[in-house]
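Undergrad: I need the structure of the sequence given here:
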Amino acid sequence: MKPLTALALRSALTLAAFIAPTISQALVLNGAGTATQLTGSLGTVDVVSLSDSPTLTGYLNSGGLSDPAPDIPVKRVQYDLLNNAGNGSIFEFRVDFPVGTGVIAAGNPGRFIDSAGTFQSYWAGSNYAMVLDAGFGTYTYDLPFGSEWQVVYASDHVTWEHLGNGFFPDTATGRTDLGTALPTFALFFDPATPLGLQPGLVTGRLATGGAVSASGQVLSAVPEPHTWAILGVGLVVLAASRLRRSA
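TA: Numbers count the residues shown, from 1 in each chain. Below you'll find the predicted structure:
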């Protein structure tokens with residue numbers, strides 16, 4: 001066989017590059033936290049929950065932006081989310097916790113990244129936590145700063161609601177193999193709050209308008225140990241009372 005000339009070699013390499021399949025990049029959450037997955041009619045949503053114990057030195061409250069502000073020690077849980085290429089866009093993300101949990105503040109995501117490694121920042125926002133200082137209800141402190149997310153605080157859960165076009169399929173917020181899109185969803189609890197797995201839920205819409213959802217577990221506040229002890233004592237007393245009645 002005759003050796004290829006330089007021109008023939010270049011032509012062969014060009015043809016090979018043209019016909020070679022395109023390899024798409026994988027978008028994967030890679031934060032060092034608790035990895036879980038929400039599943040349902042929406043498809044699958046990967047979640048990595050990361051906890052730490054910072055001190056808030058600036059934040060949004062009913063009076064506006066306070067920075068510097070009186071220090072608030074907290075236990076923070078950040079939620080990195082990847083909306084896998086499924087059936088729809090996410091418009092709500094809910095995290096449950098026990099009634100009576102000391103929830104101090106909530107943080108909104110500021111941007112996201114797609115599978116091409118492109119960052120989008122039009123979620124915007126102040127990058128500050130919103131102190132939940134008005135009791136249960138809807139918090140919009142971040143909207144004047146360009147955020148597209150509002151927070152609904154209830155006795156046993158917090159829900160982030162998107163007011164724009166949604167959290168698209170095949171995009172993520174938080175720490176990924178293609179880059180870091182911060183800030184992300186965050187809850188700020190009382191520093192003594194114990195953590196464990198609790199229900200998490202996302203709801204969304206199809207391009208045609210149909211409602212879809214996915215559920216599972218994420219890291220959140222759990223009952224304190226003495227609460228379980230009190231509940232156990234109560235169950236024992238109730239069982240003893242029933243035995244006496246049946247005797």
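
Undergrad: Quick check: end-to-end length of stretch 175-185?
TA: 12 Å (Cα to Cα, to the nearest Å).

Undergrad: Pull out the buried positions in it.
TA: 175-176, 178, 180-185 (16 or more other Cβ atoms under 10 Å). Where C-beta positions appear, they are placed from N, C-alpha and C, glycine not excepted.

Undergrad: what mean pLDDT does that stretch have?
TA: Mean pLDDT, computed over stretch 175-185, is 97.

Undergrad: Contacts made by it with the rest, please.
TA: Stretch 175-185 is contacted from outside by 25-31, 48, 78-82, 93, 107-113, 115, 117, 119, 125, 127, 160, 172-174, using Cβ atoms under 8 Å, 6 or more residues apart in numbering.

Undergrad: sorry, back to before: can you name the two of the buried residues of stretch 175-185 that sit furthest apart?
TA: Using Cβ to Cβ, those span at most 18.9 Å, a distance reached by Leu178 and Phe185.

Undergrad: Which parts of the protein are helices?
TA: Taking DSSP state H to define them, one finds helices in the chain at 6-19, 225-246.

Undergrad: pLDDT averaged over the first one - what is it?
TA: By that I understand helix 6-19. Regarding helix 6-19, the rounded mean pLDDT is 41.

Undergrad: these two touch, right, Val74 and Asp52?
TA: No: if you go by Cβ atoms under 8 Å, Val74 and Asp52 don't touch, sitting 9.3 Å apart.

Undergrad: Comparing these two, which residue is more hemmed in?
TA: Set Val74 next to Asp52 and count neighbours by other Cβ atoms under 10 Å: Val74 wins out with 24 against 10.

Undergrad: Need the nearest residue in space to the more buried one, chain neighbours excluded.
TA: Excluding its sequence neighbours, the residue lying closest to Val74 (Cβ to Cβ, 6 or more residues apart in numbering) is Phe188, at 4.1 Å.

Undergrad: where does this structure dip in pLDDT?
TA: 1-25, 226-247 (pLDDT under 70).

Undergrad: got the contact list for Gly33?
TA: 48-51, 78, 80, 219.

Undergrad: do that again at 6 Å, thanks
TA: Gly33 makes contacts with 48-50, as judged by Cβ atoms under 6 Å, 6 or more residues apart in numbering.

Undergrad: Kindly report the same for Val74.
TA: Neighbours of Val74 in contact, by Cβ under 6 Å, 6+ apart: 56, 104, 188.

Undergrad: Adding distance to Thr36 and neighbour count, write those residues out as CSV.
TA: Formatted as CSV, those follow (distance: Cβ to Cβ, whole Å; neighbours: other Cβ atoms under 10 Å):
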residue, distance to Thr36, neighbour count
Leu56, 26, 21
Ile104, 23, 21
Phe188, 20, 26
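
Undergrad: Gly40 and Ala211 touch, don't they?
TA: No: assessed by Cβ atoms under 6 Å, Gly40 is found out of contact with Ala211, at 10.9 Å.

Undergrad: Have a look at the two and say which one is more surrounded.
TA: Gly40 (18 against 12).

Undergrad: Dig out what the residue nearest the centre of the chain forms beta bridges with.
TA: In the chain, the centroid-proximal residue (Cα atoms, centre = their mean) is Tyr79; its distance is 3.4 Å. On the basis of DSSP bridges, Tyr79 takes part in beta bridges with Ser49, Phe185.
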